[in-house]
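J.: coordinates for the following, if possible.
(2 chains)
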Amino acid sequence: MKFWHTIKKGKDGVLMLIADDINKYYGNKKVLSNVSFNIPEGACYGLVGLNGAGKSTLIKIIASVIHNYSGKVQLSDNSARIGYVPQEISLEESLTASDNLSFFGRLYGLRGKELEKRTDEVLEKVGLAERKKDKVKTFSGGMKRRLNIGCAIIHEPNLIIMDEPTVGIDPQSRKYIFTMIEQFKKDNCTIIYASHYMEEIERICEEAAFIDNGKFVESGSVNHLLQKYAIPTIYVKGENCLPDELRTSSSTKEKNGGYLITSNNPLAEMRKIINFCKESRGEIERLELVKPKLEDIFFSLTGSQLRD
Amino acid sequence: MYAVIMLEWKKSIQDRGLLFWTLVLPIIFTVIFISIFSSGLSGSERQQVIVSIVSGYTVMFVFFIMISMVDSFIKDCNIGMVARISSTNLKPHLYLLGKWNNYMYIVIIQIVILTLFGKIVYNIPLGQPVHILILYLFLTIMVTGLGLALAMTVRTLNMGIALTQVIALGGAVLSGLWIPVEMMPSFLQNISKFLPQYWAHQALQDAMEGTIQLGDLFITILVLLGFTILGFVIALLGYPGFLKRAKG
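T.: Residues are numbered from 1 along each chain as shown, chains lettered A, B, ... in the order given. Sure thing, here's the model as predicted:
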C-alpha cells in the first residue's frame, strides 16, 4: 500500500526533503515498501520503529550512503548540506577527538584556519573542548556518541540525519545530546531522528512516522498522533475501590497492584469510582489520568513488542 | 583523498603491530640468520650470504603490510566508517586510492630502513643503486596491490592474517628467500619461477652486487608488474562487493 503523507510546510513554507515511493530490496527481501513522505524545513522528524524495521536503510538512502533503490529522494535546496550520524560509533579510536573532527572537516572541504576554528567550535558544542587532545579510546560511551555527532556537524549542515544517536549511553549524556538537538532546532536545522526509544521521539520531534516491516504505517505531527490514537486511560489503586462492573470489564487490566482502565469517558469512570468508594467505604490510594504515550500507539498500530 | 592519506598515516605511525611486522621482526630475523649462516665464513662468501639474507628478508617482510591493509579495511567496514565516508563529498575510488597511498609510503619507508640497516650494520654493497630503487618501487606497488586485493576479498581479519602467512611465508620458502634456490629440489626450483618473491630476490641480489643486466631487470619488472595488475584487477572487482558489505 502506498502511503503518501503530506504535512504542513516549514516556517517559510519550504520543504526540505521529499521522498517519493522508495522501495529497497536486499536480495529477494523487500526492506522498504512504497515509502513516501515530506519533511518541512526546520522540522525535527522522528522515524519510529523496531530494530530491523527499515529505519537505518531509509536513513542511509537519505544520507546518500545507499544508491541502489527505486523511488526518489529530493532535497528542495540543491546546496543543502547533509550531516549523517550513523548508528555505529564511526570514529578512529586510536586518534584524538580533534584528529577525528579534522578528518571529517577535510572530507567536507574545510581547510586551514577555517578547519581549526570549526573543530574548536564543535568540540565546544559537544562538550569535549578539554579532551580535544585525548585519544577517543579513552572516552566513555557517551563522550564517543557526542563526538560521533560532532563529526557530522563539522561542516555546519542544515539537514542532520541521526540514526539511534543515544544507544547505550548514560542519562547525563543522553540529556546533553537532547540539549544539542534543541540547539540545532534553534539554528533552524532540519533533523531526521531515527530511534526505537519512543519517549525520545515524543520529547524532541514535532513530526513522526511509524515504520514497521519496511512500511510507513502512520505519520503526522506527534500531537496529532497522540490525539488520534491514544485511548484515555485512568489508573486506580486502593482497597475495595473498584465496582464489580469495572473490575470484570475487558477494558480493565491489573498493573502494579492497581488497575488500568481504558474508557472513552474517563471522567465519568473516575466519578463512578469515587462514588463507589464513598458508598462501600473503600480507600483510594491513587487515582489519576494516564498520559497517552507514543509507544502505546505504536503497539496498537503494529501489534509488535519492543525487542530491546 | 588527502584527508584519507593523513588519517591513515596518523593511525599507522601509532600502530605498534605495524611497527613490529614491518621493522622489528625483520631486523631480528636478519640479525639471527646472518649470525647463524655467516659464522665461519669470510670474504666474498660471507658477503654473499649477507646480501642474500638482507634482500631476502626485505622481500619477505614487505608482504606483511597486507595484514595491516586487511585490518584497516575490515575495521573501516565494521565500525561504519566506510558508510559514513560515503555520505561525504569523497568519491569512493578516492577512498581506496587514499588508503593504498598510505601503505605505499609505509612500505617504501620500511624498505629504506631495512636497506640502511643492512648497509650500516653489515656494509652490504649497493652496486647499482638506481636499479635497486626501481626494483623497490615495483616491489612496493606490487605488494600493496596484492594487499588491496586481499583486503577487498576476505571477510575477517583472521582470514587475512592466514592468507598473508601463506603468501609471505609460503612464497618465501618456495622462492629461495630462506634456503638458496640452488639447494632446493628441481621441481621446487620450477615452482619458484612462478612467484614474484623469487624474481625480486634474484634481481635485488644482482643489483646489490652490481651485476644485474638490463634484460634481467626488465624481465623482473614485467613479472612484478604482472602481479601488480593481477592484484589491482582483483581489488577493483572486489571493491563494489566490499562497499556493499560496508554500507549494510
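J.: tell me what the longest helix anywhere in chain B is packed against?
T.: Longest helix in chain B, counting residues (DSSP state H): helix B:214-247. With contacts defined as 3 or more CB pairs under 8 Å, 6 or more residues apart in numbering or on different chains; DSSP states H and E, helix B:214-247 has these neighbours: helix B:65-78, helix B:81-86, helix B:92-122, helix B:129-153, helix B:196-209. (Each C-beta comes from the backbone N, C-alpha and C, glycine too.)
J.: now tabulate these in a markdown table and tack on mean neighbour count and distance to A:Ser79.
T.: Formatted as a markdown table, the entries for those read as follows, by neighbours: other CB atoms under 10 Å in any protein chain shown; distance: least, CB to CB, whole Å:
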| stretch | mean neighbour count | distance to A:Ser79 |
| --- | --- | --- |
| helix B:65-78 | 22 | 29 |
| helix B:81-86 | 24 | 20 |
| helix B:92-122 | 18 | 22 |
| helix B:129-153 | 22 | 35 |
| helix B:196-209 | 24 | 50 |
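J.: identify the residues contacting A:Ile234.
T.: Contact partners of A:Ile234, counting by CB atoms under 8 Å, 6 or more residues apart in numbering or on different chains, are A:260-261, A:263, A:266, A:269-270, A:273, A:287-290.
J.: what parts of chain A come near chain B?
T.: Contacts of chain A with chain B, taken as CB under 8 Å from any CB of the partner chain, map to A:56-57, A:60, A:63-66, A:82, A:84, A:86-92, A:94-95, A:99, A:103-104, A:106-109, A:151.
J.: inside helices: which ones of the residues you listed?
T.: Under the assignment DSSP H, these contribute A:56-57, A:60, A:99, A:103-104, A:106-107, A:151 to helices.
J.: now those residues as CSV including pLDDT and neighbour count?
T.: Below are those laid out as CSV (pLDDT from 0 to 100; neighbours: other CB atoms under 10 Å in any protein chain shown):
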residue, pLDDT, neighbour count
A:Ser56, 91, 23
A:Thr57, 93, 23
A:Lys60, 93, 25
A:Asp99, 95, 20
A:Phe103, 94, 24
A:Phe104, 94, 25
A:Arg106, 93, 21
A:Leu107, 92, 24
A:Cys151, 95, 28
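J.: pick out the most distant pair among the residues you listed.
T.: Within these, two members stand farthest from each other by CB to CB: A:Thr57 and A:Asp99, at 30.4 Å.
J.: how far is the longest helix of chain B from where the chain is centred?
T.: Centre-to-centre, helix B:214-247 and its host chain are 13 Å apart (CA atoms, centre = their mean, to the nearest Å).
J.: show me what the mean pLDDT comes to for it.
T.: With pLDDT averaged residue by residue, helix B:214-247 scores 94.
J.: now do the strands in the stretch 151-300 of chain A.
T.: Secondary structure of the stretch 151-300 of chain A (DSSP state E, counting those that start in this stretch): strands at A:159-163, A:190-195, A:207-212, A:215-221, A:233-239, A:252-255, A:258-262, A:283-290.
J.: direction included, what does the first one pair up with?
T.: The strands that strand A:159-163 pairs with in its sheet are strand A:82-85 (parallel), strand A:190-195 (parallel) (by DSSP bridges).
J.: can I get those strands in CSV including mean neighbour count?
T.: Converted to CSV, those look like this (neighbours: other CB atoms under 10 Å in any protein chain shown):
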stretch, mean neighbour count
strand A:82-85, 26
strand A:190-195, 26
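J.: any chance of the ones you listed in TSV with mean pLDDT as columns?
T.: What follows is the strands paired with strand A:159-163, written out as TSV (pLDDT from 0 to 100):
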stretch	mean pLDDT
strand A:82-85	93
strand A:190-195	92
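J.: any idea which residue sits dead centre in chain A?
T.: By CA atoms, centre = their mean, chain A has its centre lying nearest to A:Ile201, at 3.3 Å.
J.: is that one in contact with A:Cys44, as I believe?
T.: No: in this structure, A:Ile201 is not within contact of A:Cys44 by CB atoms under 8 Å, at 9.1 Å.
J.: middle-most residue in chain B, spatially?
T.: The geometric centre of chain B, computed from its C-alpha atoms, lies nearest to B:Val62 (CA atoms, centre = their mean), at 2.8 Å.
J.: settle this for me: it is touching B:Val112, isn't it.
T.: No: with contacts counted by CB under 8 Å, B:Val62 stays clear of B:Val112, the gap being 11.5 Å.
J.: would you mind checking the contacts of A:Ile234 for buried ones?
T.: Buried members of these, scored by 16 or more other CB atoms under 10 Å in any protein chain shown, are A:261, A:263, A:266, A:269-270, A:273, A:287, A:290.
J.: now chain A, which segments are flagged as low pLDDT?
T.: Counting by pLDDT under 70, chain A shows low-confidence ranges at A:1-13, A:304-308.
J.: domains of it?
T.: A:3-227, A:231-291 (automatic domain parsing).
J.: please report the distance of A:Thr190 from A:Gly42.
T.: Using CB to CB, to the nearest Å, one gets 6 Å for the distance from A:Thr190 to A:Gly42.
J.: check B:Gln202 too.
T.: When distance is defined by CB to CB, B:Gln202 is 69 Å away from A:Gly42.
J.: for B:Leu23, helix, strand, or coil?
T.: Secondary structure, DSSP: H, G, I helix; E, B strand; the rest coil: B:Leu23 is helix.
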